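[1] Next input, structure requested:
(one chain, ligands or ions: 1)
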Amino acid sequence: MSKPEILVTRPVFPDVLERLAQHFEVDANQNDRILTEEELAQRLHGKAGAFTTPTERVTARVIAANPHLKAVCNMAVGYNNIDVDAATRAGVIVTNTPDVLNETTADFAWALLLATARRVTEAEHILRAGKWDRWRFDTLLGADVHGSTLGIIGMGRIGQAIARRSTGFDMRVIYHNRSRLSQELEARANHARYVSRDELLCSADHVLLALPYSPESHHAIGAAELALMKRTATLVNIARGGIVDDAALIAALRAGRIAGAGLDVFENEPAFNPGFLDLSNVVLTPHIASASEPTRRAMANCAADNLIAALTGGNPPNILNPRIQSGK
Ligand code: GLV
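    The predicted structure follows:
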């Protein structure tokens, strides 16, 4: 019997490709060019599955153009690049890679928080530019992290992992989420206290965004929200571009409305609002919060597990549209 055909949309670990090749005829896009919507629709013709990454847009058009498609397995926990409703209507299974990246992403959130509050990259730039000539009492004064109040917006598994790490810094944690956590989960998350979004913005010393992107969370942090924050506060976004209104954030940082921002994600990335580059009070990284070697490997294998299960009659462990029993 011939193997089902799949498309792997971007380069991935060679051993994961080999694993996939044991089950499938693999068309691997190895030249590392992001396929446009049109190219993706074409390249999927006749394929039963797609192994995707956050850079491809699996739109309703892509899905409609490929009636043989049975599964789209994304190598990411976020899946705002996939039209899950259109997939569900078309009987296409969609999966993501939750959990395997929680701890690594939480580590990175802390790296950004500490670097932003203590102005680490700004300091390094000064040093590298040969502009450091002496110790001074007021060189690059930052904000304390220990003993401060951490406000987490989006208290899913990553948010909780971030909160757990705050015990060592002797911090208070407040959070806002679509729904309140159980008392047990709150206790494990350094006794996090549920507050309204506005109370969080007004009282946190460090505001950390860990919520999923959706039309409802588009520009959840804009000029009005930034205006509520303390002037000394920092903002960290490890979630998705588009949750923050980047133009409003640049204006707030320029005006000293808040002290700093640590950003791993951007609106329309990898395009980038050049306004950030003129600011010294930002720490900027290119969407790498989950990028440790073991975690990216675990994510790739998790996406492969989902695809193998979806196309061989098994139950994909991370199905996002469980109503589907793909009868295709
Ligand atoms: C990465 O951004 C992910 O959603 O896993």
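[2] check contacts around the most centrally placed residue in the chain.
    With distances taken as Cα atoms, centre = their mean, the residue of the chain nearest its centroid is A239 (3.9 Å). A239 makes contact with G78, G154, L209, A210, L211, P212, Y213, V265, according to Cβ atoms under 8 Å, 6 or more residues apart in numbering. Heads up, the C-betas are built off the backbone N, CA and C, glycines and all.
[3] which phi and psi does the residue lying closest to the first one once chain neighbours are set aside have?
    The reference is to G78. Distances taken as Cβ to Cβ, 6 or more residues apart in numbering place R240 nearest to G78, at 5.8 Å, with adjacent residues excluded. In terms of degrees, to the nearest 10, the main-chain angles of R240 are phi -150, psi 150.
[4] R240 against Y79, yeah?
    No: between R240 and Y79 there is no contact under Cβ atoms under 8 Å: 10.5 Å.
[5] just to revisit the earlier point, in contact with the residue nearest to G78, which residues are there?
    Here R240 is in contact with G78, N80, P212, Y213, S217, V265 (Cβ under 8 Å, 6+ apart).
[6] residues near R254, how many?
    Residues near R254, counting by other Cβ atoms under 10 Å, number 12.
[7] Top of the contacts of A239 by number of neighbours, please.
    Result: A210 is most packed of the contacts of A239 (other Cβ under 10 Å), 27 neighbours.
[8] can you pull the pLDDT of the residue nearest to D32 when sequence neighbours are not counted?
    Of all residues not flanking D32 in the chain, P11 sits nearest, at 5.3 Å (Cβ to Cβ, 6+ apart). The model reports P11 with a pLDDT of 96.
[9] coming back round to it: three-state assignment of the residue nearest to the centre of the chain?
    coil (DSSP: H, G, I helix; E, B strand; the rest coil).
[10] Please report the distance of it from L112.
    Using Cβ to Cβ, to the nearest Å, A239 is found at 12 Å from L112.
[11] Please report the residue range of the longest helix in the protein.
    Longest helix of the chain, by residue count under DSSP state H: helix 293-311.
[12] Give me the helices and strands touching that helix, please.
    helix 14-23, strand 49-52, strand 71-74, strand 93-95, helix 102-117 (3 or more Cβ pairs under 8 Å, 6 or more residues apart in numbering; DSSP states H and E).
[13] Dump those into JSON lines; add mean neighbour count as well.
    Output for these, formatted as JSON lines (neighbours: other Cβ atoms under 10 Å):
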{"stretch": "helix 14-23", "mean neighbour count": "15"}
{"stretch": "strand 49-52", "mean neighbour count": "28"}
{"stretch": "strand 71-74", "mean neighbour count": "29"}
{"stretch": "strand 93-95", "mean neighbour count": "27"}
{"stretch": "helix 102-117", "mean neighbour count": "22"}
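[14] would you list every one of the strands in the stretch 101-250 of the chain?
    149-153, 172-176, 193-194, 206-209, 234-237 (DSSP state E, counting those that start in this stretch).
[15] which neighbours does the first one have in its sheet, and in what orientation?
    Applying DSSP bridges to the sheet, strand 149-153 is found paired with strand 172-176 (parallel), strand 206-209 (parallel).
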